[in-house]
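Pasting the sequence and the predicted model now:
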Amino acid sequence: MRIRAGGFIPNLCTLGNGVCGFAAIVKLLKVQLVQGPGGAITFDRPELFAEAAAFILWGMVFDVFDGKLARRFGNASDLGAQLDSLCDLTTFGLAPALLVVRLNMLSDGLWQKIVWFFSLAYFVGAALRLARFNAENEPDESAHLCFKGLPSPAAAGCVASLVIFHQYIMAFQERELQWLGTIVSKEAVQGAFSWIPSALPALVLALGYTMVSTHLKYTHVATQIFHRRQSFEFLVTLTFGIILAWVVREVILPVIFIGYLAYTPLRGLLRKIGRPPPPTPPEGTLEGEHTSAEGLPSRVSD
């Protein structure tokens with residue numbers, strides 16, 4: 001097999017995604033349980049969870065550009081598509097599932113089994129989602145305007161951003177948090193978000209289903225931004241939005257990912273609620289005569 005000229009550039013970008021997933025898994029395997037000063041079992045290096053989550057998000061950056069580069073230079077190929085799915089499964093399937101399992105190592109008994117099962121459901125959902133995408137994928141850019149089901153990078157982003165936010169609150173070292181600590185006690189703020197690790201298993205179960213759903217259509221944000229004519233006002237808004245997101249990224253990223261996850265289901269629900277009921281057929285018509293008062297077909301005589 002020969003790779004066409006320029007084809008190695010998008011493939012290297014794809015491998016960068018896979019390297020990020022591998023690095024995230026290595027970070028998670030370094031986290032160990034130790035006995036704290038008071039005798040309680042705790043994590044020896046909890047900051048590694050945030051570092052692993054950051055590698056998952058960096059993998060998203062590589063994933064955004066590899067397909068764009070391949071289509072831009074006319075180097076889209078079956079090899080690139082298969083390599084992309086393998087790296088995506090590592091970074092956006094295996095790494096987030098392992099992240100949730102390791103983050104809940106402090107639990108034991110039934111809850112640990114539930115965490116393992118829900119994380120497995122997420123991994124299986126990601127695998128099925130990527131396999132279906134490969135089977136239905138078309139190299140044409142017009143086929144990438146929306147996703148059938150939640151894309152796996154967005155699902156992984158929901159998990160990774162919440163883990164980063166949780167570690168950001170638990171560390172309580174940033175200036176804005178220290179300023180907040182002068183108004184509300186540190187313990188109160190940390191207690192308000194201490195539930196996040198316990199909620200992640202339920203979230204990944206929902207994400208696993210959402211990824212394979214055929215009823216939910218998610219917008220391809222990168223295609224909508226980079227492959228459409230945009231106004232100057234949009235450029236200004238996007239620039240300031242990126243600056244704001246970088247300054248308070250620990251807070252903004254969960255809002256962005258959870259908002260993207262919830263937008264499509266909520267929009268569909270609101271449309272169903274606001275949709276008027278179908279009109280009742282008038283009496284004397286064929287439909288009215290053959291329909292009973294309960295809405296069930298009535299018996300028609302021979």
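In hand now; what should we look at? Residues are numbered from 1 along each chain as shown.

CA atoms for contacts and neighbours, from now on please.
Noted.

low pLDDT regions in the stretch 151-300 of the chain?
For the stretch 151-300 of the chain, the stretches with pLDDT under 70 are 222-230, 275-300.

thought Ile41 was touching Met105?
No. At 9.9 Å, Ile41 does not count as touching Met105 under the criterion of CA atoms under 8 Å.

Could you name every residue contacting both of the two?
Common neighbours of Ile41 and Met105 (criterion: CA atoms under 8 Å, 6 or more residues apart in numbering): Leu33.

Which one of these two is surrounded by more residues?
Between Ile41 and Met105, Met105 has the larger neighbour count (other CA atoms under 10 Å), namely 16 against 13.

hang on, isn't that one packed against Gln112?
Yes. Met105 is within contact range of Gln112, at 7.4 Å (criterion: CA under 8 Å).

Tell me how far Thr264 lies from Ile164.
If you measure Thr264 against Ile164 using CA to CA, to the nearest Å, the figure is 24 Å.

These two: who's more crowded?
Ile164 (23 against 17).

helices or strands up against the helix or strand hosting that one?
Using DSSP states H and E, Ile164 sits in helix 152-171. Using 3 or more CA pairs under 8 Å, 6 or more residues apart in numbering; DSSP states H and E, the elements in contact with helix 152-171 are helix 47-72, helix 95-103, helix 110-136, helix 186-192, helix 196-212, helix 249-274.

deepest of those, which one?
Of all these, helix 95-103 has the most neighbours on average by mean count of other CA atoms under 10 Å, namely a mean of 24.

Save the helices and strands packed on helix 152-171 as a markdown table, and put in distance to Leu150 too.
As requested, those are exported to a markdown table (distance: least, CA to CA, whole Å):
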| stretch | distance to Leu150 |
| --- | --- |
| helix 47-72 | 14 |
| helix 95-103 | 15 |
| helix 110-136 | 9 |
| helix 186-192 | 29 |
| helix 196-212 | 4 |
| helix 249-274 | 7 |
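
Which residue is the nearest non-sequential neighbour of Val31?
Once flanking residues are discounted, Val31 sits nearest to Arg45: 6.0 Å by CA to CA, 6 or more residues apart in numbering.
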